[in-house]
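*Asks:* let me see the structure of the following:
(2 chains)
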Amino acid sequence: MAGTGVPQGGGGAAPRARPLARGPVRWSGLVPIVLFVALLCSVWTLFGNRIIESVASEAATKALGTEVDIRGLDLSLLRGTLAIAQVEIADPFDVNRNLLELGPVAAGIQRRPLLEKKVVIDSFVVAQSRYHGRRATPARVIEGRSLSRDVLGEVRKFTDKIAVPPLQLLPIDTVQQLALHPGQLTTVQLAKALDARADSLYRALTAQHQALRVEQRLDSARQVADRLKGQSPLSMGLSGAQRAAGDLRAVQKSVEDLRVRAEKFAADVQRGEQELRDGVAALDQAREKDLAFARGLLKLPSIEGPQLGNALFGKVSIDRFQQALYYAEVAKRYVPPGLLPREEPGPKRLRRAGTTVAFPKAPHYPSFHLRRALARFAMSEGSVTARYVATVSDVSSEPGLVGAPIAFRIEREAKGSDLGTLRASGIADHRTATPLDSAAGRATGFALSGVELPGLPLSAELGTGDATFSFARQGDNVRGTWALNAPKVRWVADSARAAGEGEMMRYATQVIAGIPTLSVRAELGGTIAAPVLAVRSNIDSVFAASLRQLVGAQLAKAESRVRAEVDRLTAGPLTSVKAKVDDVRTEADKRVADTRARIDFQKRELEDRLKGLGGGLLRIP
Amino acid sequence: MLAILKLLQSIVSTLHSAGSPRQVALGFALGASLGLTPLPNVHNGVVVLLLCVLNVSFGAGMLAWAVFTPVGFMLDPLFDRVGQALLLGTPALTPLWTSWYNAAGMPWTNFNNTVVLGSVVAWLVLFAPIALAARWGLVRYRARYAAAFEQSRWMKAVKASKLYNVWSWFSP
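*Replies:* Predicted structure coming up:
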């Protein structure tokens, strides 16, 4: 490495390079390095915790998509401890309140995994915490794409798919004239489409049948059979008999080939017929939808139990389930199942971020693992303070490495007080390819939050009661129940709004306000793509009966008018398309049966000729 | 302004007197890492350490940093693709990445980021060509143009700056 310092390449006028230090190492260069390291250590000592506090707040804010403020952080790598004075996590659904306030927090961190850029927290103890506290200043809205925003978008798509009928209580005598147009009705559109499909299917099957060339093939087989009628080896000679047998086998093969193709044709016919049958069934379903649509145009009051339940308590039920789904979706994003390499966007920097890939492998540490967390917190309920204990275990980015699902449990300690009990628990099991997220909770003697009845100038103050909740998502399937039972309900009427409403609304308000208890049960089922919600309440039957008494006759009349109008508009297309479908099916079946019969006949005839050639004695090669 | 002055000084000192062509070439090739690869990474800390401790031209390293930074930005899409191909497109290497990912210290190198890995690999591949090209260019420059440039008024002004003295701490 060391040279003479004399410039190379000639040129006597060039300046001389300075002589070099001897040896490959320049020890004096260590001075600035040592100074730099000392400077780094000083900065870390003075500002390390503040830097981590700021970085951690930003990282958590970015990760959760909602503002996270961390204050009073003290990290000791030597002792493996972390203390935080306060953590505030803003509610992603409401900028004016915190989802959670924690503090002080003490955590024990393993040092060895830090060398692998992994975080394993043995214990995380929260001495105090508060749920849904008001924020001193509104949380900032996190701009751009964030996990929270994406998840909220997914959850809203899900909830939008749950149909919640509005409660219609307009007076029937003011109902507008039903003005339906055939183009508005799904049945008519579907019937037209099915009609066209029947035509195209008929044309396709006809073309396919013609392509079989049944006539030509069977004619040529028949000609061979006729030519050999009455012939025998004696009349034809042995060589003639062999040739004839060869001809027979060739046409037999041709007929067999025709049979195979004819069977394929028959299968296609069956598929086509099934398609048409499904189309006809869809027409009947469409007609029911059209009836509902036409009723909607008239704004007839809903007086059936299930409709009323969904209309009155559908929204509040969806609110409960959407929160559970939100956290299930967050768990899915952060804890993807399996141990394959995982790609994530690289860190933000001036240069391109690239993609950062994780390569998890058992039995190594996961990127993040919180073995056990314990939080105790208190909430005031009137003059009494309720104490809660929450535990969380095995929160991990790679549960496959940990070998245990994420589990949580929360309980209210109510011994020696008039307070009821609350227990909730759940797991997020992402160890397998089909993750399972489930949670269940039960509260008895609990102060229930109030409920507003959409469409009615009423809200319910539920007082103390019982509530249960369960939610599970396995793969794309969801199921859940939510129920509450309030034995002493106080109905609060919005008198100003009620005064402006019609007779039916006032009547409905009176009826409901006379019901002393409230019990609601909502059941969620189906899939993420097609969820189904059914809500029942004790109000439904009472309310429906009262409404039926008040407006039953008028309603029946309006309903029959709707049905007649829908029938009038759909009957023609329905009859026509059903007849055409029947024609297509009959014709196709006839062709299949006819073709099969002719092929079978020809096959038998060819076999007879072949036997005749042997004269019953010779074995024709 | 100070940065520009610093750059000019580093160019001048490197081209004229700071070390032999071999030292300058090695310093230049080492310093290329600072420009070609994302700066705040462990391997660049090692490169700076080597530039300080090894008997190579520190100024050449700084010059290479300045020269290769825009090149690095321009080639980032290519580095990203190289990194993708190595990290995700070559199953034979997956056991290596997996063992590195789970080895103490290694994950802090950010080798599992496509741009970091792609650019480091590109720098290592280009190390020898960069060093050879720098040596060839320096020899030709010193032979043909250096004397005239040394005597120019502009050069005298640069050398008069106090920062030049600070810079000379790191000259080999």
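*Asks:* contacts only, for the residue nearest the centre of chain B.
*Replies:* The centroid of chain B falls nearest to B:Gly31 when counting by CA atoms, centre = their mean (1.6 Å). B:Gly31 makes contacts with B:Val47, B:Leu51, B:Ala60, B:Gly61, B:Met62, B:Leu63, B:Ala64, B:Trp65, B:Phe68, as judged by CB atoms under 8 Å, 6 or more residues apart in numbering or on different chains. Just so you know, the C-beta spots here come from the backbone N, C-alpha and C atoms, and that holds for glycine as well.
*Asks:* near chain A too, which of these?
*Replies:* B:Leu51 (CB under 8 Å from any CB of the partner chain).
*Asks:* now do the same for the residue nearest to the centre of chain B: its pLDDT.
*Replies:* You'll see B:Gly31 listed with a pLDDT of 95.
*Asks:* what about it, which helix or strand?
*Replies:* Per DSSP states H and E, B:Gly31 falls inside helix B:21-36.
*Asks:* chain center to that helix: distance?
*Replies:* Distance of helix B:21-36 from its chain centroid, counting by CA atoms, centre = their mean, to the nearest Å, is 5 Å.
*Asks:* so after it, what's the next helix or strand?
*Replies:* Downstream of helix B:21-36 (by DSSP H and E), the next one is helix B:42-53.
*Asks:* give me the residues contacting that following helix.
*Replies:* A:25-27, A:29-30, A:32-33, B:27, B:30-31, B:33-34, B:37, B:56, B:58, B:61, B:108-110, B:120, B:170.
*Asks:* please flag which of these sit within helices.
*Replies:* Cross-referencing the contacts of helix B:42-53 against helices under DSSP state H gives A:Leu30, A:Pro32, A:Ile33, B:Gly27, B:Leu30, B:Gly31, B:Ser33, B:Leu34, B:Phe58, B:Gly61, B:Val120.
*Asks:* any idea how far the second one lies from B:Gly19?
*Replies:* As defined by CB to CB, to the nearest Å, A:Pro32 lies at a distance of 18 Å from B:Gly19.
*Asks:* what about those two, which has more around it?
*Replies:* B:Gly19 (29 against 14; other CB atoms under 10 Å in any protein chain shown).
*Asks:* so where's the chain uncertain?
*Replies:* Going with chain A. A:1-22, A:143-148, A:168-180, A:296-306, A:338-341, A:380-383, A:414-419, A:497-504, A:551-554, A:614-621 (pLDDT under 70).
*Asks:* hmm, I had chain B in mind actually
*Replies:* B:1-10, B:17-18, B:155, B:158-172.
*Asks:* against B:Thr98, how distant is the residue lying farthest from the centre of it?
*Replies:* Farthest-out residue of chain B from its mean C-alpha position, per CA atoms, centre = their mean: B:Pro91, at 31.3 Å. Distance, B:Pro91 to B:Thr98, using CB to CB: 11 Å.
*Asks:* same question for A:Gly72.
*Replies:* Taken as CB to CB, the span from A:Gly72 to B:Thr98 is 39 Å.
*Asks:* quick one, longest helix in chain A?
*Replies:* Chain A, longest helix under DSSP H: helix A:538-614.
*Asks:* next one: it to chain centre, how far?
*Replies:* 34 Å.
*Asks:* that one - contacts with which helices or strands?
*Replies:* Counting contacts by 3 or more CB pairs under 8 Å, 6 or more residues apart in numbering or on different chains; DSSP states H and E, helix A:538-614 packs against helix A:186-211, helix A:214-227, helix A:233-298, helix A:305-334, helix A:503-513, strand A:518-526.
*Asks:* contacts for the shortest one?
*Replies:* It stands for strand A:518-526. Counting by CB under 8 Å, 6+ apart, A:309, A:313-314, A:317, A:320-321, A:451, A:460, A:462, A:471, A:477-486, A:489, A:531-539 sit against strand A:518-526.
*Asks:* mark which of those are buried, thanks.
*Replies:* With burial judged by 16 or more other CB atoms under 10 Å in any protein chain shown, the buried subset of those is A:309, A:313-314, A:317, A:320-321, A:451, A:460, A:462, A:471, A:478-486, A:489, A:531, A:533, A:535-539.
*Asks:* am I right that A:Ala439 falls within a strand?
*Replies:* Yes. Per DSSP: H, G, I helix; E, B strand; the rest coil, A:Ala439 lies within a strand segment.
*Asks:* coming back round to it: report the angle between the longest helix of chain A and helix A:503-513.
*Replies:* 100 degrees (axes from the mean of the first three to the mean of the last three CA atoms, to 10 degrees).
*Asks:* more neighbours: which of A:Gly72 and B:Thr98?
*Replies:* Taking neighbours as other CB under 10 Å, A:Gly72 and B:Thr98 compare with B:Thr98 leading, 18 against 14.
*Asks:* in three-state terms, label A:Gly108 for me.
*Replies:* On the basis of three-state DSSP, A:Gly108 is classed as strand.
*Asks:* partner residues bridging it?
*Replies:* A:Thr81, A:Ser123 (DSSP bridges).
*Asks:* burial count for it?
*Replies:* So A:Gly108, with other CB under 10 Å, has 16 neighbours.
*Asks:* quick one: contacts for it?
*Replies:* A:Gly80, A:Thr81, A:Leu82, A:Ile121, A:Asp122, A:Ser123.
*Asks:* before we move on, the earlier item: from B:Trp97, how far out is the residue farthest from the centre of chain B?
*Replies:* 10 Å.
*Asks:* mind listing what's buried in stretch A:111-121?
*Replies:* For stretch A:111-121, using 16+ other CB under 10 Å, the buried residues are A:Pro113, A:Leu114, A:Glu116, A:Lys117, A:Lys118, A:Val119, A:Val120, A:Ile121.
*Asks:* out of those residues, which touch chain B?
*Replies:* A:Glu116, A:Lys117, A:Lys118.
*Asks:* my guess is the first one meets A:His364, correct?
*Replies:* When you say that, I think you mean A:Glu116. Yes. Counting by CB atoms under 8 Å, A:His364 is a contact partner of A:Glu116 at 7.4 Å.
*Asks:* between those two, which contacts overlap?
*Replies:* With CB under 8 Å, 6+ apart, A:Glu116 and A:His364 have common neighbours B:Asn102.
*Asks:* now the residue nearest the centre of chain A: closest residue in space, sequence neighbours ignored.
*Replies:* Taking CA atoms, centre = their mean, the centroid of chain A lies closest to A:Ile528, which sits 2.6 Å from it. With CB to CB, 6 or more residues apart in numbering or on different chains as the criterion, A:Ile528 has its nearest non-adjacent residue at 5.0 Å, and that residue is A:Asp476.
*Asks:* distance of that neighbour from chain B?
*Replies:* 27 Å (CB to the nearest CB, to the nearest Å).
*Asks:* if you rank the contacts of A:Gly108 by neighbours, which is first?
*Replies:* Most surrounded of those: other CB under 10 Å gives A:Leu82, at 21 neighbours.
*Asks:* if we ignore the residues flanking it in sequence, what's nearest that residue?
*Replies:* A:Ala107 (4.2 Å).
*Asks:* against chain B, how distant is that neighbour?
*Replies:* For A:Ala107, the distance to chain B - CB to the nearest CB - is 21 Å.
*Asks:* list the contacts of that residue.
*Replies:* A:Thr81, A:Leu82, A:Ala83, A:Ile84, A:Ile121, A:Ser123, A:Phe124, A:Val125.
*Asks:* tell me how many other residues crowd B:Ser33.
*Replies:* 29.
*Asks:* before we move on, the earlier item: ok, which of the helices and strands packed on helix A:538-614 comes nearest A:Glu58?
*Replies:* helix A:305-334 (17.4 Å; CB to CB).
*Asks:* the closest one to helix A:538-614, inter-axis angle?
*Replies:* 70 degrees.
*Asks:* what's helix A:305-334 packed up against?
*Replies:* By 3+ CB pairs under 8 Å, 6+ apart, helix A:305-334 packs against helix A:147-160, strand A:436-447, strand A:451-453, strand A:464-474, strand A:477-486, strand A:518-526, strand A:531-537, helix A:538-614.
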